[in-house]
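Asker: coordinates only, sequence not included:
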């Protein structure tokens with residue numbers, strides 16, 4: 001198989017990687033969504049194979065399609081629309097489950113070889129459960145650290161907007177200024193919520209399953225877990241490649 005270009009379009013970021021016949025990701029890069037064209041434009045021109053996409057952001061997908069057309073590339077092929085995601089679901093409304101959640105679940109289940117829990121900490125935080133047979137069971141969704149920080153600034157007149165993320169986590173739980181107090185509260189609240197949800201989902205599955213953590217805020221959140229928590233920064237891209245390769249098995 002010639003190299004293909006894999007792209008994930010989130011609410012606030014875009015990631016891209018090349019993959020060859022072995023399915024391994026190469027030259028992975030992630031940028032804020034404002035940099036979509038500068039990140040993918042040169043790669044679209046250089047791509048020898050198809051461009052495959054996971055998108056939870058229709059306007060960003062439209063921008064990617066325009067960028068592909070501008071350089072004479074074939075239209076990108078979208079997971080869940082142009083090729084299927086090979087994972088079964090047991091949820092009330094399967095069509096409303098984000099393809100990023102399904103692809104991350106697919107990749108995590110293949111890594112685990114059985115039941116697992118998947119944490120994707122980005123604009124929103126999702127904590128999802130997959131059973132031993134690889135069926136996506138659903139999960140929990142709550143605002144990510146960035147949304148929490150913005151909501152505090154928007155809703156509280158005297159609280160500033162602060163940057164949050166792995167590089168801003170204060171060492172001390174007791175913040176000695178307003179900014180560190182907000183960062184400590186948000187980071188530790190998210191970590192505690194993730195840990196609680198993972199624990200309760202393990203109880204629901206009735207087994208001590210591994211937890212896979214991905215997303216832009218993956219590292220701070222993984223500190224809530226233990227030795228059986230694994231950070232996989234590119235889990236959605238990995239699932240995207242798996243879905244494409246399985247659809248094109250000889």
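Answerer: Happy to help now that I have it. Quantities reported herein were computed from a predicted structural model and do not represent experimental measurements.
Asker: going forward, measure contacts between C-alpha atoms and count neighbours the same way
Answerer: OK.
Asker: for this structure, what spans make up the strands?
Answerer: 4-9, 13-19, 25-32, 51-55, 77-78, 116-121, 124-130, 136-143, 211-214, 229-231 (DSSP state E).
Asker: Show residues contacting the second one.
Answerer: Residues outside strand 13-19 that contact it (Cα atoms under 8 Å, 6 or more residues apart in numbering): 3-9, 25-36, 39-40, 237, 241.
Asker: same check, this time on the first one
Answerer: For strand 4-9, the external contacting residues (Cα under 8 Å, 6+ apart) are 14-20, 33, 43-44, 47-57, 60-61, 236-237, 240-241.
Asker: Same check on the shortest one?
Answerer: By Cα under 8 Å, 6+ apart, the residues outside strand 77-78 that reach it are 50-55, 83.
Asker: and what of stretch 89-96?
Answerer: Outside of stretch 89-96, the residues that reach it under the criterion Cα under 8 Å, 6+ apart are 135-138.
Asker: Can you give me the domain assignment for this protein?
Answerer: Using automatic domain parsing, the domain ranges for the chain come out as 4-78, 85-250.
Asker: can you list those in CSV and add mean pLDDT and mean neighbour count?
Answerer: As requested, those are arranged in CSV below (pLDDT from 0 to 100; neighbours: other Cα atoms under 10 Å):
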stretch, mean pLDDT, mean neighbour count
domain 4-78, 91, 17
domain 85-250, 90, 18
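Asker: Now distance to residue 119 too, for the contacts of strand 77-78, in TSV please.
Answerer: Formatted as TSV, the contacts of strand 77-78 follow (distance: Cα to Cα, whole Å):
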residue	distance to residue 119
50	29
51	26
52	23
53	21
54	17
55	18
83	24
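Asker: what's the farthest-apart pair in those residues?
Answerer: Of all pairs drawn from the contacts of strand 77-78, the widest gap by Cα to Cα lies between 50 and 55 and measures 15.9 Å.
Asker: re earlier: can you redo the strands of the chain as CSV with distance to residue 153?
Answerer: Output for these, formatted as CSV (distance: least, Cα to Cα, whole Å):
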stretch, distance to residue 153
strand 4-9, 26
strand 13-19, 22
strand 25-32, 21
strand 51-55, 29
strand 77-78, 36
strand 116-121, 21
strand 124-130, 18
strand 136-143, 15
strand 211-214, 26
strand 229-231, 30
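Asker: which one of the contacts of stretch 89-96 is nearest residue 212?
Answerer: For the contacts of stretch 89-96, the residue nearest residue 212 by Cα to Cα is residue 136; the value is 14.3 Å.
Asker: wait, that closest one sits on residue 130?
Answerer: Yes: distance between residue 136 and residue 130: 4.6 Å, which falls inside the contact criterion (Cα atoms under 8 Å).
Asker: Common neighbours of these two, please.
Answerer: residue 105.
Asker: quick one, helices of this structure?
Answerer: Along the chain, counting by DSSP state H, helices occupy 36-46, 58-70, 99-112, 145-155, 178-205, 218-222, 235-247.
Asker: which other helices and strands contact the fourth one?
Answerer: Contact partners of helix 145-155 among helices and strands, from 3 or more Cα pairs under 8 Å, 6 or more residues apart in numbering; DSSP states H and E: helix 178-205.
Asker: on that earlier part again, right, and out of the contacts of strand 77-78, which lies closest to residue 106?
Answerer: Sorting the contacts of strand 77-78 by distance to residue 106 puts residue 54 at the head of the list, at 13.1 Å, by Cα to Cα.
Asker: So the closest one versus residue 166, what's the distance?
Answerer: From residue 54 across to residue 166, the span is 25 Å (Cα to Cα, to the nearest Å).
Asker: How about residue 59?
Answerer: In terms of Cα to Cα, residue 59 sits 28 Å off from residue 166.
Asker: So which residue is dead centre in this structure?
Answerer: The geometric centre of the chain, computed from its C-alpha atoms, lies nearest to residue 215 (Cα atoms, centre = their mean), at 4.4 Å.
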